[in-house]
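S.K.: quick one, what's the 3D model for this:
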Amino acid sequence: QVQLVESGGGLVQAGGTLRLSCAASGMTFSRYVMGWFRQAPGKEREFVAAITMSGIRTVYADSVKGRFTISRDNAKNTVYLQMNSLKPEDAAVYYCAAAAFLGSRPTEYSYWGQGTQVTVSS
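M.R.: Got it, this is the predicted structure:
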């Protein structure tokens, strides 16, 4: 079955960096759009970034544009989220997800990982 496993979360000071990874299995990775979402306590899950199958096109939420970079390595079945200049408001559980088409709504994504916690101290 499809499995998405995130890693790389942790505690970082404001202004710091983290790199999240999401390893996929049980699927033809290169045939899926991959996205990152996040959910803070008491808030809805929100879109962060997405990347097309080939990696040519990327889209970002306005809140992370210029600070976060999504990338993928289809040979390793892995998608990454490089997070720079982290802010306390970036703290959340981060999820990777797979979709058939490029989108920013959680309902457009078929497969989800279990999430990884990112904590940003001020």
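
S.K.: so who does the spatially most central residue of the chain touch?
M.R.: Of all residues in the chain, the one closest to the mean position by C-alpha atoms, centre = their mean is Trp36, 2.4 Å from it. Trp36 makes contacts with Leu20, Cys22, Val48, Ala49, Ala50, Ile70, Val79, Leu81, Tyr94, Tyr95, Cys96, Ala97, as judged by C-beta atoms under 8 Å, 6 or more residues apart in numbering. Quick note: C-beta positions are derived from backbone N, CA and C, even for glycine.

S.K.: what about the fourth one, how many residues nearby?
M.R.: By that I understand Ala49. With neighbours defined by other C-beta atoms under 10 Å, the count for Ala49 comes to 24.

S.K.: check the gap between it and Gly42 for me.
M.R.: 22 Å (C-beta to C-beta, to the nearest Å).

S.K.: buried residues in stretch 85-100?
M.R.: For stretch 85-100, a neighbour-count test (16 or more other C-beta atoms under 10 Å) marks Leu86, Asp90, Ala91, Ala92, Val93, Tyr94, Tyr95, Cys96, Ala97, Ala98, Ala99 as buried.
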